[in-house]
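**Student:** just to be clear, the model below is a prediction. Sequence and coordinates:
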Amino acid sequence: AKPKLDDVKKIVETLLNLRKEAYLKTKRGSYAYLIRTITKTDVENIRIDADTSIKQLRELGFFILVIPGEYQSCHVIVPAPYTDMDILRVFELREKAHAGEARVEEVEGGAIASRFEALKPSKEILESIVAKALKALGFSTQTNSRLPAKGGDVEVDVWATKNVGGAQFRIYASCKNWDRDVDRQVVDQEFGRVLQLYKLPHLRILVVRSLTEPARKAAFDDGFFVIELGEKASTNNAQEVYDIVYSKLREIFIGIAPDKIRSVVERLRSALKELEGLM
């Protein structure tokens, strides 16, 4: 059943309050809230504020992990790697609808817009866009980095890493904003460069204006995730390119997320549309 808008507003406020009081949080991802003096054994009835219990959070579809601690304490872990931007955006629109003015929030997207607006996406700008989009998704990034490889160092347009479960998740991204289609030979070269690296990436990405059909097939067969920009590659507003790149990258991680987390995203999007309708 579709949640009531008031319920979504309440959960957004609760999550933002948790974020402020969190004792541990990643740069853009999960955060933990410590509840002290737990006297009830029924975890679902633990209240995290005056109006909200763990049970109510779960009933709204939010994935909450509760870990019992020492001295009658409890750790509430809120994994939010896919919903940060949505939560802040919903909250911002709610404030606009009720107060008639925008609430200022420090959101990565705002900084991106001011940086890339009215710029033509050259190769350097495109690399910066990809790096910023990955950074917004919680990755540490490097551009034009020389990485150790068999036969000598290999220069990588964008290299991104993130610690996941105690291991390092690595992303290789190559940017080709050419005025012509990327052909099969270029894809084969990129595949060869990846295989030369001592530390192989877990995800390899090609960001291009367009590909020939043989090149597209080879890219998919070789395990590349392809982002084709089309005519947007020649726009004079690189912010439009950022929106495409960020959206496509975000789809990767949402697509492989558990059904419950995808449900959270869809509910927030639904609330976002309703709130936009009030503007």
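**Tutor:** Cool, got the structure. Numbers count the residues shown, from 1 in each chain.

**Student:** check which element follows the helix or strand of the chain with the lowest mean pLDDT along the chain.
**Tutor:** Lowest on mean pLDDT, DSSP states H and E among the helices and strands of the chain sits helix 108-116, with a mean of 46. Downstream of helix 108-116, the first helix or strand assigned by DSSP states H and E is helix 123-136.

**Student:** any buried residues in the helix or strand hosting Cys175, and which?
**Tutor:** Cys175 belongs to strand 167-176 when assigned by DSSP H and E. Across strand 167-176, burial judged by 16 or more other CB atoms under 10 Å covers 170-176. The way it works is simple: take the backbone N, C-alpha and C, and place the C-beta from them, glycine included.

**Student:** walk me through which strands that strand pairs with, and which way each runs.
**Tutor:** strand 154-164 (antiparallel), strand 203-208 (parallel) (DSSP bridges).

**Student:** rewinding a little: just give me the closest of the buried residues of strand 167-176 to Gln189.
**Tutor:** Among the buried residues of strand 167-176, Ser174 lies closest to Gln189 (CB to CB), at 9.5 Å.

**Student:** next helix or strand past the strand holding Cys175?
**Tutor:** helix 184-196.

**Student:** packing partners for that following helix?
**Tutor:** Other elements packing on helix 184-196 under the criterion 3 or more CB pairs under 8 Å, 6 or more residues apart in numbering; DSSP states H and E are strand 167-176, strand 203-208, helix 213-221, strand 224-228.

**Student:** so can I have TSV of those showing distance to Gln189 and mean pLDDT?
**Tutor:** Listed next are those as TSV, based on distance: least, CB to CB, whole Å; pLDDT from 0 to 100:
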stretch	distance to Gln189	mean pLDDT
strand 167-176	9	90
strand 203-208	11	93
helix 213-221	11	94
strand 224-228	12	93
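
**Student:** using CSV, write out the CA atom coordinates for stretch 138-145.
**Tutor:** Only the C-alpha atoms of stretch 138-145 are listed here, as CSV (Å, rounded to 0.1, in the frame of the first residue of the first chain):
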residue,chain,number,x,y,z
GLY,A,138,30.3,7.7,-1.6
PHE,A,139,33.5,6.9,-3.5
SER,A,140,37.0,8.3,-3.2
THR,A,141,38.1,9.4,-6.6
GLN,A,142,41.2,10.3,-8.6
THR,A,143,41.4,11.7,-12.2
ASN,A,144,44.3,11.0,-14.6
SER,A,145,45.9,8.7,-12.1
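
**Student:** pLDDT of it, averaged?
**Tutor:** The pLDDT scores in stretch 138-145 average 90.
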